[in-house]
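J.: Got a predicted model here, sequence first, then my questions.
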Number of protein chains: 2
Amino acid sequence: MIIISELISFLGPKGTFSHEAATLLGEDLIPYCTIPAVMESIVNDQCIKGIVPIENSIEGPVGITLDSLAHKYDLNIIGEVIIPINQNLIVNPGCKLEDIDDVYSHSQAIAQCQEFIRSNNIQPHYAVSTARAAKSIIGDNSKAAIGNAKSAELYGLEILEANIQDVDNNETRFVVLSKGNTDPTGNDKTSIIFSIYEDRPGSLYHILGIFEKNKINMTKIESRPSKQGLGKYLFFIDFYGHCEDEIIKDILKEIEDNTYFFKVLGSYPEF
Amino acid sequence: MIIISELISFLGPKGTFSHEAATLLGEDLIPYCTIPAVMESIVNDQCIKGIVPIENSIEGPVGITLDSLAHKYDLNIIGEVIIPINQNLIVNPGCKLEDIDDVYSHSQAIAQCQEFIRSNNIQPHYAVSTARAAKSIIGDNSKAAIGNAKSAELYGLEILEANIQDVDNNETRFVVLSKGNTDPTGNDKTSIIFSIYEDRPGSLYHILGIFEKNKINMTKIESRPSKQGLGKYLFFIDFYGHCEDEIIKDILKEIEDNTYFFKVLGSYPEF
């Protein structure tokens, strides 16, 4: 009998939005410091599953997640989690907005709060994570961090202004990864990746036509560079249905026959 | 007579890949510290044109450039420049690989060199630019930066290892922006943005069909979040032809009639 750990890996450190998403999956959570390390923990059986961010409604795809799933790790998406992202200006207790010269956060959080940063004349600096940013400002009243409420709490800091992101509708979608598969539930989505033949104009049009003629709705289409040169893309498509449904099996077969790279990332219940 | 400055703005500081691209346009170059600031310098007539990165063949689109062109500034793309990106490990003179604990660079450069960083067990840190990273390591032998040859030269540093990027085919495409337009040259590309109606499945398929039936080849298709919520996208498409060509005029009209947001970013000679 092979014993597989029941641990769940997530993108650490503690106190990040990824941590918040991971708490929805269970209690035995282990932080890893990069997205590929989360994936490796599953491949190596250190964890039975893991959760990583895949896209944000404002900033777009998380490139390293898509690239790692496409090129490096054979893992299945077995679930998705969507959480709202509210960014806060985090400061040392008692600190005021006019004291702040510099603000630290993850590059995506900085990008999400550009109007706030610009209108308050604060110099942005990148940190590896929102939690690391919060930790780095402890004791210095000229510095602030941007992050979630959990990271302020974790380091004894205060929220000076809440919801400082430029626009609402800010959500991050996470995917749950595992070596296993999920059974159809009747309310599933399937994620695939493919590359089209570059020398056949209209290839993408024909692939989308396969969904159109079968009346299957896509919920996502993202392009990513294939790393083969400018103008060459991988396409990530999510659509309704489970890869064990007969109609979806036929669609997947037809797409595979008309692409030079094709991979099913998994079928999973819609969040 | 209105006098408009002949200055050209670029994403500074000096010593970056953007600086390298800008030198192909002229000599009166002014660095600005953000991509929106480059665009504003043109809107405000401080500069007659400017150059900003728009996509990298490995990392994909430069989100802030696409978002700013889509939502914020009415500027035309009047040209494109493509330069190869070779990343180097930059150190203080005489420093050896085994001395290095930490490495600093722009997040895209860090992403481009992940295998090198991981296999040498170096801790990555984000900096605002490759040039700022180079400046930050001066005098500390435990630190290295990743960047181009120009940034090493600028700060009296040395290249310890050249071409440390994970994959070749690494190129960045820059666009030249202005308030003006360009005349057709016979070898032009046109860039557009549009959003499809979310409640009409197959909308993207039908838009791509317009290019297909007119036998116009696309050179790029990128999706970006529309910032209206997950699953809602803006599409950036580049294709052959000039917006003053009769066939292209008809295509643009048909796309405009079938999208709820549509913008021509410009027509310009292929690089």
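T.: That came through fine.

J.: how about whichever residue of the stretch 51-200 of chain A sits closest to chain B, what does it touch?
T.: Proximity to chain B, evaluated over the stretch 51-200 of chain A using Cβ to the nearest Cβ, is greatest for A:Tyr126 at 3.4 Å. Glycine gets a C-beta too; all of them are placed from N, C-alpha and C. By Cβ atoms under 8 Å, 6 or more residues apart in numbering or on different chains, the contact list for A:Tyr126 reads A:Tyr104, A:Ser105, A:His106, A:Ser107, A:Ile110, B:Ser107, B:Tyr126, B:Ala127, B:Val128.

J.: rerun that using 10 Å as the cut-off
T.: A:104-110, A:133, B:106-107, B:110, B:125-128 (Cβ atoms under 10 Å, 6 or more residues apart in numbering or on different chains).

J.: Relative to B:Gly202, how far out is it?
T.: Computed as Cβ to Cβ, to the nearest Å, the A:Tyr126 to B:Gly202 distance reads 40 Å.

J.: What does the pLDDT read for A:Met1?
T.: Here, the pLDDT recorded for A:Met1 equals 44.

J.: Same check on A:Ile4?
T.: pLDDT, read off for A:Ile4, is 54.

J.: Quick check: A:Leu234 is in a helix.
T.: No - counting by DSSP: H, G, I helix; E, B strand; the rest coil, A:Leu234 falls outside a helix, being strand.

J.: returning to that earlier point: considering the contacts of A:Tyr126, which possesses the most neighbours?
T.: A:Ser105 (30 neighbours; other Cβ atoms under 10 Å in any protein chain shown).

J.: Apart from its neighbours in sequence, what residue is nearest that residue?
T.: A:Ile146 (3.8 Å; Cβ to Cβ, 6 or more residues apart in numbering or on different chains).

J.: what stretches of chain A score poorly on pLDDT?
T.: Within chain A, the segments meeting pLDDT under 70 span A:1-5.

J.: Which segments of it make up each domain?
T.: A:8-84+A:170-178, A:88-161, A:188-269 (automatic domain parsing).

J.: roughly how far out does stretch A:235-248 sit from the chain middle?
T.: 20 Å (Cα atoms, centre = their mean, to the nearest Å).

J.: Secondary structure class of A:Asn141, three-state.
T.: Classified using three-state DSSP, A:Asn141 is coil.

J.: mind listing which of the contacts of A:Tyr126 are in helices?
T.: If you go by DSSP state H, the contacts of A:Tyr126 have A:Ser107, A:Gln108, A:Ala109, A:Ile110, A:Ala133, B:Ser107, B:Ile110 in helices.

J.: Would you agree the fifth one is in contact with A:Ile146?
T.: By that I understand A:Ala133. Yes - at 6.9 Å, A:Ala133 counts as touching A:Ile146 under the criterion of Cβ atoms under 10 Å.

J.: Mutual contacts of these two, please.
T.: A:Ile90, A:Val103, A:Tyr104, A:Ser105, A:His106, A:Ala109, A:Ile110, A:Ala127.

J.: helix or strand for A:Leu66, which one?
T.: In this structure, A:Leu66 is located in helix A:63-71 according to DSSP states H and E.

J.: Okay, buried residues for that helix please.
T.: A:Gly63, A:Ile64, A:Thr65, A:Leu66, A:Asp67, A:Ser68, A:Leu69, A:Ala70 (16 or more other Cβ atoms under 10 Å in any protein chain shown).

J.: and A:Ser203, how many neighbours does it have?
T.: Neighbours of A:Ser203 under the rule other Cβ under 10 Å: 18.

J.: Find the nearest non-adjacent residue to it, please.
T.: Once flanking residues are discounted, A:Ser203 sits nearest to A:Ile196: 3.6 Å by Cβ to Cβ, 6+ apart.

J.: Contacts only, for the one you found.
T.: Per Cβ under 10 Å, 6+ apart, neighbours of A:Ile196: A:202-207, A:226, A:232-235, A:258-261.

J.: Can you flag the buried ones in those?
T.: A:Gly202, A:Ser203, A:Leu204, A:Tyr205, A:His206, A:Ile207, A:Ser226, A:Tyr233, A:Leu234, A:Phe235, A:Asn258, A:Thr259.
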